[in-house]
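**Student:** Below is the sequence, then the predicted model.
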Amino acid sequence: MPAVLLENSIFSGSVWLAAFAIPYLFLIGVACITDVRERRIPNWLVGVLALFGLFFSIGARTLLPGIASAIAGLGAGLIIWLPFYMLGVLGAGDVKFFAACAAWLGPNGAWQAALLSALVGGALAIAFLLRDSRLASTLMQFAIIPWTRSLDIETMRTMTPERTRRQLPYGVALGVGALLAARFPTLLS
């Protein structure tokens with residue numbers, strides 16, 4: 001087994017380690033479906049995902065380095081997205097979900113997954129704006145600001161973080177980013 005296995009390359013390595021891709025895909029899929037349907041990710045699901053991430057990390061390394069990698073990944077996942085929760089942009093379930101995913105990836109993989117998640121989240125946000133036909137009106141409001149020196153208050157209301165969080169299942173973007181980082185560990189290198 002290579003010394004640096006990405007920081008946990010889930011989809012490569014030994015057959016035993018590659019078998020962990022099945023619960024990783026399944027748990028992330030269930031979390032994404034739950035987030036789309038209910039706009040929440042249950043704590044039990046996050047706990048199971050984190051626990052399996054710990055087992056995967058120990059299997060990918062020896063006991064102590066595996067535990068250290070899983071804890072460091074989990075901590076990095078929390079540190080990356082916690083400020084967004086504190087600003088009211090993300091829900092607590094989203095932050096915990098990403099941290100559990102990062103337990104699989106280790107700290108370096110967590111940073112890569114976060115960047116990929118942000119890109120996917122931006123695309124998802126644009127798709128939601130297009131779906132709700134608010135993109136054109138929002139862009140128009142910003143375009144006329146220099147001439148009117150004001151912004152329609154209704155546009156401001158629709159852009160609040162609370163409304164965006166209610167409508168945008170950001171857990172999907174976080175899950176896709178984590179999957180991409182696991183499958184393509186050198187994508188952003």
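**Tutor:** Received it, and whenever you're ready, just let me know what you need.

**Student:** any weak-confidence spans in the protein?
**Tutor:** Where the chain drops to pLDDT under 70, the residues are 1-13, 16, 132-166.

**Student:** Show me the helices in it, by range?
**Tutor:** In the chain, the helices defined using DSSP state H lie at 15-18, 21-38, 43-60, 63-86, 92-131, 135-148, 153-158, 161-167, 170-183.

**Student:** can you tell which of these is closest to Ser189?
**Tutor:** Proximity to Ser189, assessed across those by C-beta to C-beta, is greatest for helix 92-131 (8.2 Å). In this view, the C-beta of every residue, glycine as well, is placed from N, C-alpha and C.

**Student:** what sits against Ala92?
**Tutor:** Tyr85 (C-beta atoms under 8 Å, 6 or more residues apart in numbering).

**Student:** Against Gly171, how distant is it?
**Tutor:** Plainly put, Ala92 is 11 Å away from Gly171 if you go by C-beta to C-beta, to the nearest Å.

**Student:** and if you look at Gln112?
**Tutor:** From Gln112 to Gly171 the distance is 18 Å (C-beta to C-beta).

**Student:** between these two, which one's more packed in?
**Tutor:** Gly171 (29 against 25; other C-beta atoms under 10 Å).

**Student:** circling back: tell me which of the helices of the chain is the most buried.
**Tutor:** Most buried of the helices of the chain, by mean neighbour count (mean count of other C-beta atoms under 10 Å): helix 170-183, with a mean of 25.

**Student:** Who are the packing partners of that one?
**Tutor:** helix 21-38, helix 92-131 (3 or more C-beta pairs under 8 Å, 6 or more residues apart in numbering; DSSP states H and E).

**Student:** Same list (these) but as JSON lines, adding distance to Leu82.
**Tutor:** Below are the helices and strands packed on helix 170-183 laid out as JSON lines (distance: least, C-beta to C-beta, whole Å):
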{"stretch": "helix 21-38", "distance to Leu82": "18"}
{"stretch": "helix 92-131", "distance to Leu82": "6"}
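
**Student:** looking at the ones you listed, which is closest to Arg61?
**Tutor:** helix 92-131 (9.4 Å).

**Student:** Off-centre distance for the closest one?
**Tutor:** 2 Å (C-alpha atoms, centre = their mean, to the nearest Å).

**Student:** Of the helices and strands packed on helix 170-183, which is nearest Pro185?
**Tutor:** Across those, closest to Pro185 is helix 92-131 (C-beta to C-beta), at 6.8 Å.

**Student:** tell me the angle of the closest one relative to helix 43-60?
**Tutor:** With axes from the mean of the first three to the mean of the last three C-alpha atoms, to 10 degrees applied, the angle from helix 92-131 to helix 43-60 works out at 110 degrees.
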